[in-house]
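S.K.: fold the following.
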Amino acid sequence: MLRGVPANIRSDLWSLGAIFYECLVGRPLVSNSTSKIKGVRAFSASSVIFPQETLEWIPESMRVIIGRLCDSHPEERFKNASEAIEMLKAYCQARRRCRRAPRRHLTVSWKACRRPCAK
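M.R.: As a prediction, this is how the structure comes out:
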């Protein structure tokens, strides 16, 4: 919409991804701040950057999903909601399989999260 192109489903998916990003990272995806975020791109060609301190609790597969939702190039985003839902379902199923595996490799705990929990 900022580029003078009418809003479409990809605009809505960007908004959903921006909400996911803010919920997970604790700060908006887009802000008026001029300081650059030091961190890791969602994937190599992505314009979405996750702060270094969030890498402990945001799995790479979720960063890729959010990166695809919020890519600055609309043609790189999911084509429709069904495509995004399928990737989210696959993510959830993979996470369920991980929970059944030995927990030695899952080092993230709620204590590692430095943000206060909502009451």
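
S.K.: give me the helices and strands touching the helix or strand containing residue 96, please.
M.R.: Applying DSSP states H and E as the criterion places residue 96 in helix 81-100. In terms of contacts (3 or more C-beta pairs under 8 Å, 6 or more residues apart in numbering; DSSP states H and E), helix 81-100 is packed against helix 9-25, helix 60-69. Yep, even glycine has a C-beta here, placed from its N, CA and C like the rest.

S.K.: can you list contacts of the longest one?
M.R.: Helix 9-25 is touched from outside by 1, 28-30, 48, 50-51, 54, 57-58, 62, 65-66, 68-71, 74, 77-81, 84, with contacts defined as C-beta atoms under 8 Å, 6 or more residues apart in numbering.

S.K.: related to what we said a few turns ago, for the helices and strands packed on helix 81-100, give me JSON lines that also has mean neighbour count and distance to residue 89.
M.R.: Shown next, in JSON lines, are the helices and strands packed on helix 81-100 (neighbours: other C-beta atoms under 10 Å; distance: least, C-beta to C-beta, whole Å):
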{"stretch": "helix 9-25", "mean neighbour count": "17", "distance to residue 89": "15"}
{"stretch": "helix 60-69", "mean neighbour count": "19", "distance to residue 89": "11"}
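
S.K.: can you redo those helices as CSV with distance to residue 92 and mean pLDDT?
M.R.: Formatted as CSV, those follow (distance: least, C-beta to C-beta, whole Å; pLDDT from 0 to 100):
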stretch, distance to residue 92, mean pLDDT
helix 9-25, 13, 91
helix 60-69, 10, 91
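
S.K.: which parts of the helix or strand bottoming out on mean pLDDT in the chain are buried?
M.R.: Sorting the helices and strands of the chain by mean pLDDT, DSSP states H and E puts strand 39-41 at the bottom, at a mean of 75. Buried residues in strand 39-41, counting neighbours by 16 or more other C-beta atoms under 10 Å, are found at 39, 40.

S.K.: much appreciated, bye for now.
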